[in-house]
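Participant: Kindly return the folded structure for what I paste below:
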Amino acid sequence: MEEATRDKNHNRLRFRIGLVIALVLQNATSSVVGKMTRTLAPSSTSEDLYSINHFLIVAESSKFVFSMLLELFASGSIYGLAVSIRLHIFENPVNALKGSFVPALLYFISNTMQYVALTYLSAPVIQVLIQSKLVTTAILSVLVLGRTYSSQQWTALMVLSLGVAIVIIDEEGGAEMRRLSGDVNADNTVRGILAVAIAC
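Facilitator: Numbers count the residues shown, from 1 in each chain. Alright, predicted model coming up:
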């Protein structure tokens with residue numbers, strides 16, 4: 001009995017670790033692939049680039065398929081998957097909409113702005129700037145939900161904010177140098193940072 005419980009806990013831990021690894025890979029590769037596919041085109045005029053919405057549809061569809069596979073794994077069979085879908089979506093549509101529609105809409109806007117920013121900024125810069133979502137979330141959770149954070153957590157958020165500020169200042173400095181040298185695309189940095197700010 002004790003061994004069966006230990007095996008079950010071990011399987012749950014492996015599943016969670018695998019899930020975290022998959023999410024890290026998905027987040028890292030989506031920015032890099034998005035940036036590469038938008039900048040490595042032979043001519044990168046705006047008419048030649050694919051629509052950001054097409055990229056989002058492909059990305060979100062793959063996430064949907066992956067989440068269905070995870071639910072299939074968690075439920076143990078196709079029948080279990082069907083029961084889970086019926087129970088959580090069809091028999092409880094109001095909660096399904098409340099719990100998924102509004103966050104999905106906000107997530108869609110955030111992702112769209114992130115991929116707009118990919119057109120104007122480098123992938124590493126975007127990955128650092130996107131981390132400011134943590135600061136935004138923390139501040140809103142204090143204001144809206146009344147949550148409290150420890151001094152260590154606030155210190156970590158301040159260090160994160162400082163890192164984001166350094167990246168923004170560095171990117172702005174590079175844009176100013178390009179602007180002084182006559183580069184017509186120098187203002188794109190401001191557009192990219194603005195898109196990331198909207199995404200957060």
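Participant: in this structure, what spans have low per-residue confidence?
Facilitator: 1, 4, 7, 31, 35, 38-50, 123, 168, 171-187 (pLDDT under 70).
Participant: now the helices for it?
Facilitator: For the chain, the helices defined by DSSP state H occupy 2-39, 52-75, 78-85, 93-120, 123-130, 132-145, 151-180, 188-199.
Participant: any chance of the ones you listed in JSON lines, plus mean neighbour count?
Facilitator: In this view, the C-beta of every residue, glycine as well, is placed from N, C-alpha and C. Converted to JSON lines, the helices of the chain look like this (neighbours: other CB atoms under 10 Å):
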{"stretch": "helix 2-39", "mean neighbour count": "12"}
{"stretch": "helix 52-75", "mean neighbour count": "13"}
{"stretch": "helix 78-85", "mean neighbour count": "13"}
{"stretch": "helix 93-120", "mean neighbour count": "15"}
{"stretch": "helix 123-130", "mean neighbour count": "20"}
{"stretch": "helix 132-145", "mean neighbour count": "13"}
{"stretch": "helix 151-180", "mean neighbour count": "13"}
{"stretch": "helix 188-199", "mean neighbour count": "18"}
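Participant: What's the separation between the residue positioned nearest the centre of the chain and F15?
Facilitator: Central residue of the chain (CA atoms, centre = their mean): N27, 6.1 Å from the mean position. Distance, N27 to F15, using CB to CB, to the nearest Å: 19 Å.
Participant: residues touching the residue nearest to S84 when sequence neighbours are not counted, list them.
Facilitator: Leaving aside its sequence neighbours, S84 sits nearest to S75 (CB to CB, 6 or more residues apart in numbering; 5.2 Å). For S75, the contact set (CB atoms under 8 Å, 6 or more residues apart in numbering) comprises L81, V83, S84.
Participant: From V135, how far off is S75?
Facilitator: 37 Å.
Participant: How about N188?
Facilitator: Counting by CB to CB, the gap from N188 to V135 is 24 Å.
Participant: residues contacting the closest residue to L134 other than its chain neighbours?
Facilitator: Of all residues not flanking L134 in the chain, L160 sits nearest, at 6.2 Å (CB to CB, 6+ apart). Residues near L160 by CB under 8 Å, 6+ apart: Q131, S132, L134, V135.
Participant: Who are the contact partners of the spatially closest residue to G80 that is not a sequence neighbour?
Facilitator: With sequence-adjacent residues excluded and distances taken as CB to CB, 6+ apart, G80 is closest to L72, at 7.7 Å. Neighbouring residues of L72 by CB under 8 Å, 6+ apart: I78, G80, L81.
Participant: Am I right that I130 is in contact with Q114?
Facilitator: Yes: here I130 lies in contact with Q114, judged by CB atoms under 8 Å, at a distance of 6.5 Å.
Participant: Next, show the common contact partners of those two.
Facilitator: What both I130 and Q114 touch, as defined by CB under 8 Å, 6+ apart, is the set V196, A199.
Participant: and the residue nearest to S84, how far is that from L87?
Facilitator: 10 Å.
Participant: surely I52 meets A117?
Facilitator: No: I52 lies out of contact with A117 (CB under 8 Å); the separation is 10.2 Å.
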